[in-house]
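K.L.:
Got a predicted structure plus its sequence, pasted below:
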Amino acid sequence: MSSLIPENFEMVAPSEADVVLARESSRLLASRKLGAQTSIRLQVLGDGEPAEIMTVPASALRLFVHLLTEMSRGNAVTLIPNHAELTTQQAADLLNVSRPYVVKLLLEGKIPSRTVGKYRRIRFDDLMAFKRKDDETREKVLDQLSADAQELEMGY
């Protein structure tokens, strides 16, 4: 299992057949207009089993469409609750940075964490909040650099 994934969460790496099926399924489900619906009825058909109709939250179906879309791109997927806690290495892997850099961010208070024994734990939602803020800052800097290059007629 990938070091990005806490041990108690399953990671699904799609096969080629899964990719094709996920592509078809996500396209069909995405075409359904849910609008303001809060729930949706699904019919589950099994091999040799009677059909079963169930009602699920519309938000769960939207999440399922996202999951299928990622699988259709050949990406491995997992579901991590916001409250899940990650190690510094898992956080570093998700941010695509070194573990010492993550530790530095924790020590500077840029990402909240807690200590369990001698180990630090980072909530997934706190890590994603930091990532969003960092991405926004980086985007602003890139926009400014692009504007400066155009102003200086650098050909970019």
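P.N.:
Thanks, I have it. It should be emphasised that the depicted structure is a prediction, and the values quoted were computed from it without experimental measurement.

K.L.:
quick one: the helices in this protein?
P.N.:
Under the criterion DSSP state H, helices of the chain are mapped to 16-30, 58-72, 88-95, 99-107, 124-151.

K.L.:
pLDDT of stretch 146-156, averaged?
P.N.:
Regarding stretch 146-156, the rounded mean pLDDT is 79.

K.L.:
how many other residues sit next to the closest residue to His83 other than its chain neighbours?
P.N.:
Distances taken as CB to CB, 6 or more residues apart in numbering put Arg123 closest to His83, at 6.3 Å, once the chain neighbours are dropped. For the C-beta atoms, the positions are set from N, CA and C on the backbone; glycine is no exception. Applying other CB atoms under 10 Å, we find 19 residues neighbouring Arg123.

K.L.:
hey, what's Arg123 bridged with?
P.N.:
Applying DSSP bridges to Arg123 gives these bridge partners: Glu85.

K.L.:
residues contacting it?
P.N.:
Asn82, His83, Ala84, Glu85, Leu86, Pro112, Ser113 (CB atoms under 8 Å, 6 or more residues apart in numbering).

K.L.:
Kindly provide the distance from the fifth one to Thr38.
P.N.:
When CB to CB, to the nearest Å is the yardstick, Leu86 and Thr38 sit 31 Å from each other.

K.L.:
neighbour-wise, which of these two wins?
P.N.:
The neighbour comparison of Leu86 against Thr38 (other CB under 10 Å) goes to Leu86, with 24 against 9.

K.L.:
returning to what we had before: pLDDT wise, what is the residue nearest to His83 at?
P.N.:
Arg123 is given a pLDDT of 95.

K.L.:
Give me the phi and psi for Ser98.
P.N.:
phi -80, psi 160 (degrees, to the nearest 10).

K.L.:
so where is this structure shaky, pLDDT-wise?
P.N.:
For the chain, applying pLDDT under 70 flags the ranges 1-9, 155-156.

K.L.:
That'll do, ta.
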